[in-house]
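J.: what would the 3D arrangement of this be:
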Amino acid sequence: VMQEIVMRAVLLGFLILLAGCQHLPSPPEGAGGIVDLRSGARLGPEQLVRELAGAELILVGERHDNPDHHALQRWLLEVLQPGSLLLEMLEPRQQARVDEVRARLAAGERLEDLPAALDWQPGWDWALYGELVEYALGQPWPLMAANLDRQEIHEIYRNPPALAGGRSTAAPVQQALEEQIRVSHCNMLPESQVPSMRAVQQQRDRRMAERLLQAPGPALLFAGAFHVRRDLGVPLHLADLQGPSRTRVLILAEAGAEVDAGQADFVWYTPSRPERDHCARWRQSKRQAKKDPAGAGSITVISLMRR
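T.: Purely as a prediction, here's the structure:
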């Protein structure tokens, strides 16, 4: 596996060197400045790709409802050509469908309703993710589920399991996550639910870390920005699982967002978009979900912490 990773990195590095004359495809419209948060240096797209090329694991954080972020992810897929792509938007129960669809497409079959074939979940807007997923399904490398199943989320919410490892279980980490849960729920969440919601968030991060370590390398993860943060998310779980040191974190952020070196290695800015009233959505979700408090809590933490 290590030899495959090295060979891929060498090949990609060679292709990027050739790009000195030929250049990479231009990033999509809406792409702003790129900053190396470790040094403060501004980078061009080719420099960023060169920095990512030698990594064993690449974590890209997005704002789920921002189309500019999905366009950049599609561009990154094309230029990086990873060993595998993992998506927060896919659950384990969908993996068999994903593999079947890839095989059917490879055989030349045309599918009229791709979302139905994948059992794509309505919480993830196909209008935003469709082009990205269609591209990934047509590639020789696997597309892999990185999330928990809905039933797993409900069980974790009701009976939070203990996490192994010192990084992810550190008190400052768990306290910061719990505070973010309170804020993202407009400070209207019963305090008794906060630990369970934090457990769901951290178990999802642990699953993403586990899947990254199982995936053909170099492995690329697309997930919400909070999931990929070095100080709170998947990188802590990779450390607890003794994952590879050559991991790079890129956060896609809207102009004006604060991202620092403790959170990521690189940030790629896109134009800011009008803020939605997430608190209004939260109040509505509470009214609609009174019959299943556990389900409502776990689902809400998924939707509101996507920011």
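
J.: show me what contacts E29?
T.: E29 sits next to A71 when contact means Cβ atoms under 8 Å, 6 or more residues apart in numbering. For the C-beta atoms, the positions are set from N, CA and C on the backbone; glycine is no exception.

J.: so what does it look like in phi/psi?
T.: When read as degrees, to the nearest 10, the backbone of E29 gives phi -60, psi 150.

J.: starting at the chain centroid, how far to the helix or strand containing H70?
T.: Using DSSP states H and E, H70 sits in helix 67-80. Averaging C-alpha positions (Cα atoms, centre = their mean, to the nearest Å) puts helix 67-80 13 Å from its chain's average.

J.: I'd like the next helix or strand past that helix.
T.: Counting by DSSP H and E, the next helix or strand C-terminal to helix 67-80 is strand 84-87.

J.: contacts for the following helix or strand past that next one?
T.: Of the helices and strands lying after strand 84-87 in sequence (DSSP H and E), the nearest is helix 95-106. Outside of helix 95-106, the residues within contact range by Cβ under 8 Å, 6+ apart are L90, L111, L114, A117, L118, D119, L137, G138, P142, L143, M144, A145.

J.: try 10 Å
T.: Helix 95-106 is touched from outside by 87, 90, 94, 109-111, 114, 116-120, 133-134, 136-145, with contacts defined as Cβ atoms under 10 Å, 6 or more residues apart in numbering.

J.: between the longest strand along the chain and helix 67-80, how big is the angle?
T.: Counting by DSSP state E, the longest strand found in the chain is strand 247-254. Orientation of strand 247-254 against helix 67-80 (axes from the mean of the first three to the mean of the last three Cα atoms, to 10 degrees) gives an angle of 150 degrees.

J.: one step back: and the contacts of helix 95-106, which of them are buried?
T.: Among the contacts of helix 95-106, those classed as buried by 16 or more other Cβ atoms under 10 Å are 87, 90, 94, 114, 117-118, 120, 133, 136-137, 139, 141-145.

J.: quick check on the residue lying closest to R74 once chain neighbours are set aside: phi, psi?
T.: Of all residues not flanking R74 in the chain, L132 sits nearest, at 5.0 Å (Cβ to Cβ, 6 or more residues apart in numbering). Note on L132: backbone dihedrals following degrees, to the nearest 10 are phi -60, psi -50.

J.: same thing with M144?
T.: When read as degrees, to the nearest 10, the backbone of M144 gives phi -130, psi 140.

J.: for T270, same thing?
T.: Main-chain dihedrals, T270, degrees, to the nearest 10: phi -130, psi 160.

J.: check contacts around it.
T.: Neighbouring residues of T270 by Cβ under 10 Å, 6+ apart: 28, 30-33, 62-63, 66-69, 71-72, 252-255, 257.

J.: ok, now with 7 Å
T.: G30, A31, G32, N66, D68, H69, L252, E254 (Cβ atoms under 7 Å, 6 or more residues apart in numbering).

J.: compare those residues and tell me which is most surrounded.
T.: Within the contacts of T270, neighbour counts (other Cβ atoms under 10 Å) peak at L252, which reaches 29 neighbours.

J.: and stretch 99-118, end to end?
T.: One end of stretch 99-118 sits 9 Å from the other (Cα to Cα, to the nearest Å).

J.: centre of the chain to that stretch, how far?
T.: How far stretch 99-118 lies from its chain's middle: 23 Å, per Cα atoms, centre = their mean.

J.: averaged pLDDT, it. What do you get?
T.: Here stretch 99-118 scores 96 as its mean pLDDT.

J.: for this protein, what are the low-confidence residue spans?
T.: Counting by pLDDT under 70, the chain shows low-confidence ranges at 1-22, 282, 285-286, 289-307.

J.: the helices in it, which residues?
T.: Secondary structure of the chain (DSSP state H): helices at 2-22, 45-53, 67-80, 95-106, 114-118, 126-137, 150-158, 171-184, 194-214, 225-228, 234-240, 278-288, 293-304.

J.: quick one: the fourth one to helix 126-137, angle?
T.: What that stands for is helix 95-106. Helix 95-106 and helix 126-137 are oriented at 70 degrees to each other (the same axes, to 10 degrees).
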